[in-house]
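A.B. asks: this one's structure only:
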């Protein structure tokens, strides 16, 4: 087939346009909202060695912290620049000798024994810290720290294989948590996305009775979750499908689940933004390429009605797992890969919480 000069020119123009779209994958929705530049951040570096992956960040009732779970199975507490991180808690069976990673023994070889704390959340009134440990299940830590108590390892006869997200009803003390897959463990997390595994579960633990109930099963990769300000529903990250889901726990829709927001990337933890909305961390964008401009979406702020209202962008080497907003325009960013917690500070012209 012969193509004329005009046809070649048109084809070239189309190719250039397509290439630009691939290199600059900025969605229309993301481009239209305020953006936070997280290119330069303050680091709270973990202790030296091969320690990494402060996945979730939490603060206690006094505002102390952050607390964060790391790759050797411990949860650490930040005590300021002078003291840095100290051990706050660890699961049964932990020992520094057995759980400290080395070049010949990476943390992936020890985490099934030592544990891998993911979601963290304090019940502020009691001071208890609840930990979703990928291998050990749902754990609770008494005020002051020390060895954690394992509360739940199975539900309805089915073991927890990939305990992931957690949140606490600050009024009732009830704990909501996710099991991302009944098929794959955390070490096989890529398979959960690749196979479209839909065996995830949402559960509720009642500390008054010790009973656990499955609220919803058959969810595709449920990850982080958080409770709405009015305590009527939960917002849950569905990682593989790149969605946020809403599960109703009160009102006429109790027990039902619906789509809350479609996202341009793979969500991890979701946390309140202190204004009725939510911050959701994006591990990466849907169609992200390794080349091109070294910038991608790190997180999105979502309104109470599911609309994208703000974004955070930064280097492609940063793949966040959680954004926790605090007073003073500070946003604490966790990551399952990096050896530090990042602190992003809003500019004075950007929105701040009261």
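C.D. replies: Now that the structure is in, tell me what you want to look at. The structure presented is a predicted model; accordingly, all values stated were derived computationally and were not measured.
A.B. asks: contacting residues around the helix or strand where residue 44 lies?
C.D. replies: Residue 44 belongs to strand 42-45 when elements are defined using DSSP states H and E. With C-beta atoms under 8 Å, 6 or more residues apart in numbering as the test, strand 42-45 has contacts from 66, 78, 84, 85, 339, 340, 341, 342, 343, 345. For every residue, glycine as well, the C-beta is placed using N, CA and C.
A.B. asks: now do 10 Å
C.D. replies: 51, 54, 57, 66, 68, 76, 78, 80-81, 84-85, 330, 332, 338-345 (C-beta atoms under 10 Å, 6 or more residues apart in numbering).
A.B. asks: On the C-terminal side of that strand, identify the next helix or strand.
C.D. replies: strand 67-69.
A.B. asks: pLDDT of that following strand, averaged?
C.D. replies: Here strand 67-69 scores 98 as its mean pLDDT.
A.B. asks: packing partners for it?
C.D. replies: strand 74-78, strand 85-90, strand 117-123, strand 128-133, strand 330-335 (3 or more C-beta pairs under 10 Å, 6 or more residues apart in numbering; DSSP states H and E).
A.B. asks: ok, how many other residues are close to residue 156?
C.D. replies: Using other C-beta atoms under 10 Å, residue 156 has 10 neighbouring residues.
A.B. asks: can you pull the contacts of it?
C.D. replies: With the criterion set at C-beta under 10 Å, 6+ apart, residue 156 makes contact with 201, 203, 212, 213, 214, 217.
A.B. asks: which of these count as buried?
C.D. replies: The neighbour-count criterion (16 or more other C-beta atoms under 10 Å) marks 201, 203, 212, 217 among the contacts of residue 156 as buried.
A.B. asks: my read is the second one is in a helix, agree?
C.D. replies: No: with DSSP: H, G, I helix; E, B strand; the rest coil as the criterion, residue 203 is assigned strand and is not in a helix.
A.B. asks: still on that earlier bit, dump the buried ones among the contacts of residue 156 into a markdown table; add pLDDT and distance to residue 247 as well.
C.D. replies: Conversion of the buried ones among the contacts of residue 156 to a markdown table gives the following (pLDDT from 0 to 100; distance: C-beta to C-beta, whole Å):
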| residue | pLDDT | distance to residue 247 |
| --- | --- | --- |
| 201 | 98 | 12 |
| 203 | 98 | 11 |
| 212 | 98 | 16 |
| 217 | 98 | 12 |
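A.B. asks: And the residues you listed, which two are furthest apart?
C.D. replies: 212 and 217 (13.0 Å; C-beta to C-beta).
A.B. asks: list the residues that contact both of those two?
C.D. replies: 155, 156, 203.
A.B. asks: got a list of what the closest residue to residue 102 other than its chain neighbours touches?
C.D. replies: Nearest non-adjacent residue to residue 102, counting by C-beta to C-beta, 6 or more residues apart in numbering: residue 50, 6.9 Å away. Applying C-beta under 10 Å, 6+ apart to residue 50 gives the contacts 71, 72, 100, 101, 102, 103, 105, 106, 107, 339.
A.B. asks: ok, the third one - contacts?
C.D. replies: Spelled out, that is residue 100. Residue 100 makes contact with 49, 50, 51, 71, 72, 73, 107, 110, 114, according to C-beta under 10 Å, 6+ apart.
A.B. asks: Angles on the backbone of the fifth one, please.
C.D. replies: Note on residue 72: backbone dihedrals following degrees, to the nearest 10 are phi -90, psi 10.
A.B. asks: okay but it is in contact with residue 105, surely?
C.D. replies: No: in this structure residue 72 lies outside contact range of residue 105 using C-beta atoms under 10 Å: 11.0 Å.
A.B. asks: More neighbours: these two, which one.
C.D. replies: A side-by-side neighbour count of residue 72 and residue 105, using other C-beta under 10 Å, places residue 72 first with 27 against 13.
A.B. asks: ranges for the strands of the stretch 101-250 of the chain?
C.D. replies: With strands called from DSSP state E, counting those that start in this stretch, the stretch 101-250 of the chain shows them at 117-123, 128-133, 137-141, 146-147, 149-152, 154-155, 158-159, 163-168, 175-179, 200-205, 212-219, 222-227, 233-238, 243-248.
A.B. asks: low pLDDT regions in the stretch 101-250 of the chain?
C.D. replies: Confidence mapping of the stretch 101-250 of the chain against pLDDT under 70 gives zero matching residues.
A.B. asks: again, 90 this time
C.D. replies: 101-109, 187, 190 (pLDDT under 90).
A.B. asks: For the closest residue to residue 108 other than its chain neighbours, the count of nearby residues, please.
C.D. replies: In space, and not counting its chain neighbours, residue 108 is closest to residue 187: 5.9 Å by C-beta to C-beta, 6+ apart. Residue 187 is flanked by 15 other residues according to other C-beta under 10 Å.
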